[in-house]
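# Predicted model and sequence follow; I will ask about them next.
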Amino acid sequence: MTSLFALVDCNNFYASCERVFDPRLEGKPVVVLSNNDGCIIARSNEAKALGIKMGQPAFEVRELVKQHGVQVFSSNYELYGDMSRRVVNTLAQFTPSLEVYSIDESFLDLGDFLAHPDVAAYAKEIKETTKLWTGIPVSVGVAPTKTLAKLANRLSKKWTDAAGVLVLTEAQAIEEALQRTAVEDVWGIGRQHAQRLRQQGVHTALDLRNLPDAWVKKHMAVTGLRTVRELRGEPCADLELEVPAKQNICTSRSFSRPLTELTDIEEALATHVVRCATKLRKQHSCAGALTVFLTTSRFAAKEQQYYDSRTARLPGPTGSELELLHQARRLLRGMFRHGYRYNKTGVILSELVPETQVQLTLFGGEQSEKQAKLMQALDSLRDRFGHGVVKNGVQGTAQRWIMSQEHCSPCYTTRLDEIIRAR
DNA sequence: TCTGGGGTCCTAGGACCC
DNA sequence: TCTGGGGTCCTAGGACCC
């Protein structure tokens, strides 16, 4: 029995989301910006054709944008998250086991490939149904391992004949695909490994597949070996059907402009802590430790640089943002130095344990029970009325650090007052 | 002027214990 | 003078992913 995986990847996902609700964008170059409108994180095909690069700073493409009428959007994660759910719900129609790998990619277990006399037709149906039901164009790669399915998916977009669907089951087709894939484009091969491999004369995925195990193990560890085996068609990674609880939760943002005053930074940090604690409670965990970091911009080469991070172990695992805020503020005050132009702060919660475990071991003192009730109340208010509805005093109101988002589209699907109107 | 944010896994080496 | 060997835990750092 041969396993069979499909990787379904949404094409230019964020740009496609913007397009679904604004048909005037069809055929035009579209880009989506990162937080603070800093750099490009999604591009439509037309924008790619103009030479706009992934991760490129927005100011570098200003001229290009003007010249070619590129449509620019700030990122709107509320919209993208909702569209992502719709896509996943559609894909779930095609398989009982599905792994949501990222906001725009899912692996589908297609079971035994003998059970699919015409895999290609099935893959095409997945693609067409998703477009029809959600408006989002996707590409589908099918192969006996996840790594090969990734590779097939990539080629399905590159090879115009494939038209967004590529099935790699025949040995010869796999070989050709490997031959035509650069080694750095293999899933799991990053910059460092690619450079080393190239020095060894390994230039294609096929060369990589043919390396001896011992060499791979020595230089690329067991993760590298898994990748190579998967290229050979031996499945080493199963689907992860349940989303594992995160082991760390982090919230951080660059400031919209450099900050020098402690009070401004405290406000920003407090806001991150509240966000982070909300994520923590959403996955029903408590944190045993908290880390705060503070840094200047690494791009401001001429300025004095500063980076520090400090960790506090909490007296006991907690989900209370009041306690976390208190600790975070203490750590920040210990790190803060006058005379620097800071550009970012953030918080990381770690040593996470399930909420239930804490309730059992902490004999729920009256105080902690009160706090838990308060947190529940806050969560439900914020769920219903948006995150800004209840704030802690330290979050402040001046918010001189707040994110710039000058090109945000409406939340068409999740906010009643921003719903699309037909004229 | 303007350069994202959030994760995971693996390994090596030190501390410590018996 | 002789100066083991193995196990565990923790941390920092590297590499990768989207």
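Arrived safely, thanks for sending.

# Which residue does the stretch 151-300 of chain A have closest to DNA strand C?
Per CB to the nearest atom of the strand, the residue of the stretch 151-300 of chain A with the smallest distance to DNA strand C is residue A:190, at 2.1 Å. Heads up, the C-betas are built off the backbone N, CA and C, glycines and all.

# Could I get the contacting residues of the closest residue in space to that residue that isn't next to it in sequence?
Nearest in space to residue A:190, with sequence neighbours left out and distances taken as CB to CB, 6 or more residues apart in numbering, is residue A:184 at 7.8 Å. With contacts defined as CB atoms under 8 Å, 6 or more residues apart in numbering, residue A:184 is in contact with A:190-191, A:194.

# Turn the residues you listed into TSV, including neighbour count.
Listed next are these as TSV, based on neighbours: other CB atoms under 10 Å:
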residue	neighbour count
A:190	9
A:191	8
A:194	18
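
# In strands only, show me those.
Assignment to strands by DSSP state E places none of the contacts of residue A:184 there.

# Close to DNA strand B: what parts of the stretch 101-250 of chain A are there?
A:221-223, A:244, A:246-250 (CB under 7 Å from any atom of the strand).

# Show the buried residues in those.
Buried members of those, counted by 16 or more other CB atoms under 10 Å: residue A:249.

# Out of the residues of the stretch 101-250 of chain A next to DNA strand B, list just those in helices.
Among those, the subset assigned to helices under DSSP state H consists of A:221-223.

# what ranges do the helices span in chain A?
Per DSSP H, chain A carries helices over the ranges A:13-20, A:45-49, A:62-68, A:77-91, A:119-134, A:146-158, A:171-179, A:191-199, A:205-209, A:213-231, A:262-282, A:321-335, A:355-361, A:366-385.

# Tell me which of those lies nearest to residue A:109.
Using CB to CB as the criterion, the shortest distance between residue A:109 and those is 9.9 Å, found for helix A:146-158.

# Lowest-scoring secondary structure element of chain A by mean pLDDT?
The helix or strand with the lowest mean pLDDT-type score in chain A, counting by mean pLDDT, DSSP states H and E, is helix A:355-361 (a mean of 72).

# Just give the number of residues close to residue A:377.
Here the number of neighbours of residue A:377 (other CB atoms under 10 Å) works out to 11.

# what does the one 4 residues further on give?
When neighbours are counted by other CB under 10 Å, residue A:381 registers 13.

# Then the one 5 residues further on?
For residue A:386, the count of nearby residues is 11 (other CB under 10 Å).

# sorry, back to before: going by mean pLDDT, which of the helices of chain A comes out lowest?
When the helices of chain A are ranked by mean pLDDT, helix A:355-361 comes last with a mean of 72.

# Would you mind giving the ones in helices among the residues of the stretch 101-250 of chain A next to DNA strand B as TSV with distance to residue A:382 added?
As requested, these are exported to TSV (distance: CB to CB, whole Å):
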residue	distance to residue A:382
A:221	42
A:222	42
A:223	38
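
# what's stretch A:88-97 in contact with?
Residues lying outside stretch A:88-97 but in contact with it, judged by CB under 8 Å, 6+ apart, are A:6, A:8, A:98, A:100, A:106, A:108-111, A:122, A:125-126, A:129-130, A:133-134, A:239, A:241.

# switch to 6 Å and redo it
With contacts defined as CB atoms under 6 Å, 6 or more residues apart in numbering, stretch A:88-97 is touched by A:8, A:98, A:100, A:106, A:108-109, A:126, A:130, A:133-134, A:239, A:241.

# That one close to DNA strand C?
No - Stretch A:88-97 is not in contact with DNA strand C by CB under 7 Å from any atom of the strand; minimum separation 13.7 Å.
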